[in-house]
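# sequence and predicted structure below; questions after.
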Amino acid sequence: MRTFEVDFGKLRPPAPHRDACAVTYRLDVVAASPADVVCSVGGWLYDRVRAGWEVNVLLPQRCDTRPLQILGTQAIDLDSHIPPASTGCATRGLAVSAEMFASDWRIRDAVLQALDCWMTEVTLWHDGWPLAVGHRTTTVRHVLSGAARVFKRHALAAAGVSDTVGPTETLRSDMKACLPVDSELIPVG
């Protein structure tokens with residue numbers, strides 16, 4: 001019987017297979033810190049990466065990105081890459097924390113433009129959204145895969161957060177029906 005040692009400090013999901021002719025799906029995530037990303041949407045992001053999405057996490061300042069690497073995402077400096085409302089990708093997602101929406105006018109503009117773009121799925125987390133955004137989104141849940149729960153737990157530890165990992169994450173989404181792929185987000189209520 002063979003045994004294997006796992007170094008959880010270097011734990012990363014295996015890269016999904018990408019066909020050179022395949023359509024690219026990209027999710028840009030804007031947050032204040034890696035800890036907020038991992039706590040709020042870490043399992044959803046892991047599952048998106050495993051489904052073949054390119055997931056970029058845009059952060060306002062340099063920080064330890066190991067928790068994001070564990071989830072398979074790429075950390076990018078926010079100031080060098082404000083997410084545009086349109087892109088060459090076949091489909092695109094924009095996920096934003098309420099804190100970043102409230103603190104940066106560029107992010108507010110990007111979210112409002114993305115809500116009007118039929119090819120961009122908008123997903124938000126935390127409370128306190130203004131009416132202009134809140135009435136265009138609905139509460140949704142993502143059911144984490146078993147692997148997402150494990151990787152999120154390790155990412156939380158790397159972020160120095162002692163929190164339990166539940167079976168779901170609750171978000172807000174505009175649930176655009178015209179996207180070329182079905183969303184795995186489930187409307188609540």
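The structure has been received and is ready for your questions.

# CA only for contacts and neighbour counts going forward, please
Noted.

# part of a helix, is Ala110?
Yes. According to DSSP: H, G, I helix; E, B strand; the rest coil, Ala110 belongs to a helix.

# what about it, how many neighbours?
By other C-alpha atoms under 10 Å, 18 other residues sit near Ala110.

# what of the one 3 residues further on?
Counted by other C-alpha under 10 Å, the residues lying close to Gln113 total 14.

# quickly find the element holding it.
helix 105-116 (DSSP states H and E).

# neighbouring strands - and their directions - for the helix or strand that comes right after that helix?
For helix 105-116, the following helix or strand on the C-terminal side (DSSP H and E) is strand 120-125. The strands that strand 120-125 pairs with in its sheet are strand 91-97 (parallel), strand 168-173 (antiparallel) (by DSSP bridges).

# pull out the buried positions in the longest one.
If I follow you right, that is strand 91-97. Neighbour counts over strand 91-97 (16 or more other C-alpha atoms under 10 Å) mark Thr91, Arg92, Gly93, Leu94, Ala95, Val96, Ser97 as buried.

# what's the closest of these to Asp36?
Ser97 (8.4 Å; C-alpha to C-alpha).

# tell me the contacts of that closest one?
Val30, Ala31, Ala32, Leu124, Trp125, His126 (C-alpha atoms under 8 Å, 6 or more residues apart in numbering).

# out of the residues you listed, which end up buried?
Applying 16+ other C-alpha under 10 Å to these, the neighbour count classes Val30, Ala31, Ala32, Leu124, Trp125 as buried.

# what's the spacing between the residue nearest to the spatial centre of the chain and Met175?
In the chain, the residue lying closest to the centroid (C-alpha atoms, centre = their mean) is Leu45, at 4.3 Å. Distance, Leu45 to Met175, using C-alpha to C-alpha, to the nearest Å: 17 Å.

# let me see the mean pLDDT of the helix holding Gln113.
Averaged across helix 105-116, pLDDT comes to 90.

# between the contacts of Ser97, which is nearest Glu54?
Closest to Glu54, out of all of those and judged by C-alpha to C-alpha, is Val30, at 14.2 Å.

# low-confidence ranges in this protein?
1-23, 82-91, 177-183 (pLDDT under 70).

# just the strands from it, written as ranges.
Remark: strands assigned in the chain by DSSP state E are 25-30, 54-59, 74-77, 91-97, 120-125, 138-143, 168-173, 186-187.

# I am finished for the moment; much appreciated.
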